[in-house]
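Asks: Dropping a prediction and its sequence here:
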Amino acid sequence: MDGATYVIDCGRSSTTQFVQAGLRFDTLRSIFITHLHADHIADYYNYFLLAGALPDQETADALATTVTAYGPGPAGGLPTKFGGGDAPTVSADAPTPGLVAFTERCHEAFAYSSNILLRDAGIRDIRSLIDVHEIVHPDVGASFTNTSPRMEPFKVMEDDRVAVTAVLVPHGPVFPSYAFRFDTEHGSVTFSGDTTYSDNLVTLARGSDVLVHEAINVTGPGVTLPPAAMDHMLQSHVEVQKVGSIAQRAGVPTLVLSHLVDFDSEPIDSARWKSWAGQGFDGEVVVGDDLQRISVLRKG
């Protein structure tokens with residue numbers, strides 16, 4: 001956005017793809033985390049561990065300033081096990097950390113590497129490169145047992161380029177889980193994050209120029225998901241055959257499919273997915289692909 005970069009979620013190889021996309025770390029201002037599943041934060045700390053310590057030898061690129069990170073706070077509790085019974089609990093003393101504790105634990109886990117390199121390579125202190133803000137949503141009675149009650153969008157951040165608002169969205173038992181909207185002078189884009197069907201998301205996305213929405217396919221002869229996995233998928237995601245109606249309700253002209261999972265076909269059939277997502281939607285459908293660049297420029 002006008003020379004500043006904002007990252008939404010940091011899945012595996014996010015930092016590698018950041019470079020492959022032609023972006024520079026010295027333009028990175030903020031990172032926004034929708035929720036704390038591993039596939040959305042696997043590369044989060046690498047933005048600081050790998051891009052913050054020393055400039056790249058060829059490009060002289062490195063984080064230029066402290067990066068603000070926005071994401072969920074602690075969940076406050078764990079759901080019951082699917083099907084009943086007991087499940088093991090990792091880190092029983094603190095089993096539901098938010099983004100602040102997650103970041104602190106990463107500092108601790110990499111302490112030896114950081115401490116050695118601080119002494120023999122003169123790297124910057126990684127702790128000085130991250131300013132973490134756990135998102136505080138309005139009190140609408142939300143909790144780990146009521147993850148996404150009806151709510152109006154609320155402000156997360158605003159700077160000289162972008163205003164960011166959010167809502168809680170239902171992603172199975174995950175709490176908190178957010179969708180984000182970015183409004184700029186050039187246009188607006190909403191990112192669903194991981195979610196099943198949500199009136200909150202429709203409210204947030206209404207009037208956006210682009211809606212980036214996750215989608216899955218769980219139909220077809222090749223689908224062999226066990227009951228627990230199928231239950232998780234349907235509680236946590238939107239089927240591609242039904243996502244078009246969400247975009248239609250939100251009144252967006254462009255729907256971009258992301259977080260693509262097809263349990264019947266790998267790789268996915270993009271033409272079939274585009275047709276599926278177009279059901280009940282009057283606008284343009286784009287099936288997202290790695291390193292794809294989509295301009296957000298409001299006409300007129």
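Replies: Happy to help now that I have it.
Asks: hey, let's count contacts and neighbours off CA atoms from now on
Replies: Noted.
Asks: residue ranges with poor pLDDT in the stretch 151-300 of the chain?
Replies: 298-300 (pLDDT under 70).
Asks: the strands in it, which residues?
Replies: Using DSSP state E, counting those that start in this stretch, the strands of the stretch 151-300 of the chain run over 154-158, 163-168, 178-183, 188-191, 210-217, 254-262, 284-287.
Asks: Adding mean neighbour count and distance to M233, write these out as JSON lines.
Replies: Putting the strands of the stretch 151-300 of the chain into JSON lines (neighbours: other C-alpha atoms under 10 Å; distance: least, C-alpha to C-alpha, whole Å) gives the following:
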{"stretch": "strand 154-158", "mean neighbour count": "16", "distance to M233": "28"}
{"stretch": "strand 163-168", "mean neighbour count": "24", "distance to M233": "18"}
{"stretch": "strand 178-183", "mean neighbour count": "24", "distance to M233": "17"}
{"stretch": "strand 188-191", "mean neighbour count": "23", "distance to M233": "19"}
{"stretch": "strand 210-217", "mean neighbour count": "24", "distance to M233": "8"}
{"stretch": "strand 254-262", "mean neighbour count": "20", "distance to M233": "10"}
{"stretch": "strand 284-287", "mean neighbour count": "18", "distance to M233": "20"}
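Asks: Reformat those as CSV; add distance to T59.
Replies: Formatted as CSV, the strands of the stretch 151-300 of the chain follow (distance: least, C-alpha to C-alpha, whole Å):
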stretch, distance to T59
strand 154-158, 30
strand 163-168, 31
strand 178-183, 29
strand 188-191, 30
strand 210-217, 31
strand 254-262, 30
strand 284-287, 32
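Asks: Quick check: beta-bridge partners of V210?
Replies: V189, T254 (DSSP bridges).
Asks: List the contacts of it.
Replies: V210 sits next to 188-190, 252-256, 296 when contact means C-alpha atoms under 8 Å, 6 or more residues apart in numbering.
Asks: how far away is the nearest residue to G71 once chain neighbours are set aside from S295?
Replies: Closest residue to G71 apart from its sequence neighbours, by C-alpha to C-alpha, 6 or more residues apart in numbering: I33 at 4.7 Å. For I33, the distance to S295 equals 22 Å [C-alpha to C-alpha, to the nearest Å].
Asks: Looking at the two, which is more packed in?
Replies: Applying other C-alpha atoms under 10 Å to I33 and S295 shows that I33 carries more neighbours, namely 25 against 9.
Asks: What residues does the more buried one make contact with?
Replies: I33 sits next to 8-10, 40-41, 69-72 when contact means C-alpha under 8 Å, 6+ apart.
Asks: mind listing what R127 touches?
Replies: Neighbour list for R127: H107 [criterion: C-alpha under 8 Å, 6+ apart].
Asks: Without its sequence neighbours, what residue ends up closest to G283?
Replies: Counting by C-alpha to C-alpha, 6+ apart, P253 is the residue found nearest to G283 once chain neighbours are left out, at 4.8 Å.
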